[in-house]
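Novice: I would like the atomic coordinates for the input below:
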Amino acid sequence: MTFTIFRRHNRETCDSRNRYDPRCGCPLHVQFVWKNGDAVFEGKKLTYQNKWSLETRSWSEAQGKAKDLEKRLKDFADGKVSHKGISVEDAVKEWWALREQNKLNNVKAKLMGQKLIDWCEANGVLMLAALTTGRVMKWRLTLPFRTGDSSSLKVHWSVINGFFNWCEGMGYVDKSPAPDPKQFPQFAITYDKPEVVPPTKKQIEKVLATATGRVKLLAQLMRETGMALVDAQKFDPANLEDGTLIRSNRTKTTERYRVRIPSSLAKQLDALGSPAFPGTYREWRERLYKVFREAGVEMTPHGFRHFRISAWLAQGVSVADVSKWVGTSEKEIRKTYEHWIKEAEDRLDEVQKQAWLAQGLDENGNQSKQELQ
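Specialist: The predicted structure follows:
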């Protein structure tokens, strides 16, 4: 076998046109011909013509890696080495099946698992053992989820991290290829969670006035209950208890919740039959966004949940009761909606009033009339 080392230039940052430029800092690859038929070697596909990354920019290091690769391939061709393992796709599908057996929600797991399968296929990574830390982190850079001001990337990454840990537990890999952020903080996904600003009552009314048909009823259901879209879209009127009571578990956290809806809304939902909102989550999300755009209101479907929770809290409903209605822990509600909790605001006002009185001021923080005289 003849091995040819070459550079793959980045046209946006490099002006060199010499594939063998010794000083250029572009990544180095190796090209070789494999005449023993299609095979899988160390998790990568072997075809007649092969161009593999050497994962270095140093020419001397690339030469050493190419020489080592040539030796390993020769041993492989002579039958001295047999590389067995499980493919990325088979491992992901096995993970999905186990989650389904354990009654775990697979929406994000299937989304992330498929993205991993697609990336590996596009980059010539067939076997799970070939998923190095470097490759996993390169894949992470391609993910479209928001970060910085959103937890989206962190949430989705935690799901696929669960897959890598599962692979380690199954013995498919010696160690998870995803770096542990506790051990290596530089790999942690950080973000600043913005303060929740729910849509106003006027904005919600404008959206409801714009919506029609089933979309309007879905929006009303979310407005009245604070249900997330993923739960509201799966709501089945046949499961109503006592005519108006919804009792279920949240899809996102599996936390239990129970909340009543107005009887008039219950009748309208019942008239829709089962399922009340047929189709997929994405289809209904897009329908809601279409209504938001037509109404000229900037919000997300989750805004209905923020609106309902903050409205209840502002009306003086206890955090404990709201927690049971929406299926979110009291701790999380206090952290997210602290500025909307009326009981907390009232308590702070009373403490402030008592502090002023202790200073000899009146309950409004002003000097008493006697002191002024």
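Novice: My read is that Gln315 contacts Lys342, right?
Specialist: Yes - counting by CB atoms under 8 Å, Lys342 is a contact partner of Gln315 at 6.8 Å. The way it works is simple: take the backbone N, C-alpha and C, and place the C-beta from them, glycine included.
Novice: who has more neighbours, the two?
Specialist: Comparing Gln315 with Lys342 by neighbour count (other CB atoms under 10 Å), the higher total belongs to Lys342, at 14 against 9.
Novice: now the residue lying closest to the more buried one once chain neighbours are set aside: how far from Ala209?
Specialist: Among residues not flanking Lys342 along the chain, Gly316 sits closest, at 4.6 Å (CB to CB, 6 or more residues apart in numbering). To Ala209, Gly316 is 28 Å away according to CB to CB, to the nearest Å.
Novice: how about low-confidence regions in the stretch 201-350 of the chain?
Specialist: 343 (pLDDT under 70).
Novice: those strands in it, which residues are they?
Specialist: With strands called from DSSP state E, counting those that start in this stretch, the stretch 201-350 of the chain shows them at 245-249, 256-260.
Novice: Name the surrounding residues that touch the first one.
Specialist: Defining contact as CB atoms under 8 Å, 6 or more residues apart in numbering, one finds that strand 245-249 is touched by 225, 227, 231, 235, 239-241, 255-261, 327.
Novice: That strand vs strand 256-260, what angle?
Specialist: Angle, strand 245-249 to strand 256-260, by axes from the mean of the first three to the mean of the last three CA atoms, to 10 degrees: 170 degrees.
Novice: what comes up buried for strand 245-249?
Specialist: Within strand 245-249, the residues that count as buried by 16 or more other CB atoms under 10 Å are Ile246, Ser248.
Novice: how does this protein divide into domains?
Specialist: Structurally, the chain divides into domains by automatic domain parsing as follows: 4-77, 88-187, 201-338, 341-373.
Novice: can I get these in TSV with distance to Pro194?
Specialist: Supplementary listing: the domains of the chain in TSV, determined by distance: least, CB to CB, whole Å:
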stretch	distance to Pro194
domain 4-77	33
domain 88-187	6
domain 201-338	11
domain 341-373	18
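Novice: that older thread, how about a markdown table for the strands of the stretch 201-350 of the chain, with distance to Pro275 added?
Specialist: Below are those laid out as a markdown table (distance: least, CB to CB, whole Å):
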| stretch | distance to Pro275 |
| --- | --- |
| strand 245-249 | 14 |
| strand 256-260 | 20 |
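Novice: Could you say which one of these comes nearest to Trp284?
Specialist: strand 245-249 (17.4 Å; CB to CB).
Novice: now the closest one, how far from the centre of its chain.
Specialist: From the chain centre to the centre of strand 245-249 is a distance of 25 Å (CA atoms, centre = their mean, to the nearest Å).
Novice: what does stretch 288-305 give?
Specialist: Its chain's C-alpha centre and that of stretch 288-305 lie 21 Å apart, by CA atoms, centre = their mean.
Novice: who wins for proximity to Arg135 among the strands of the stretch 201-350 of the chain?
Specialist: strand 245-249 (36.7 Å).
Novice: For Lys193, which of the domains of the chain is the nearest?
Specialist: Nearest of the domains of the chain (CB to CB): domain 88-187, 6.6 Å.
Novice: before we move on, the earlier item: which one of the strands of the stretch 201-350 of the chain lies closest to Ala311?
Specialist: strand 256-260 (13.4 Å).
Novice: Quick check: phi and psi on the residue nearest the centre of the chain?
Specialist: For the chain, the residue nearest the mean C-alpha position is His156 (2.8 Å; CA atoms, centre = their mean). Here is the backbone geometry of His156 (degrees, to the nearest 10): phi -70, psi -40.
Novice: Next: Gln31.
Specialist: Torsion angles, degrees, to the nearest 10, at Gln31: phi -120, psi 130.
Novice: number of nearby residues for it?
Specialist: Counted with other CB under 10 Å, residues neighbouring Gln31 total 15.
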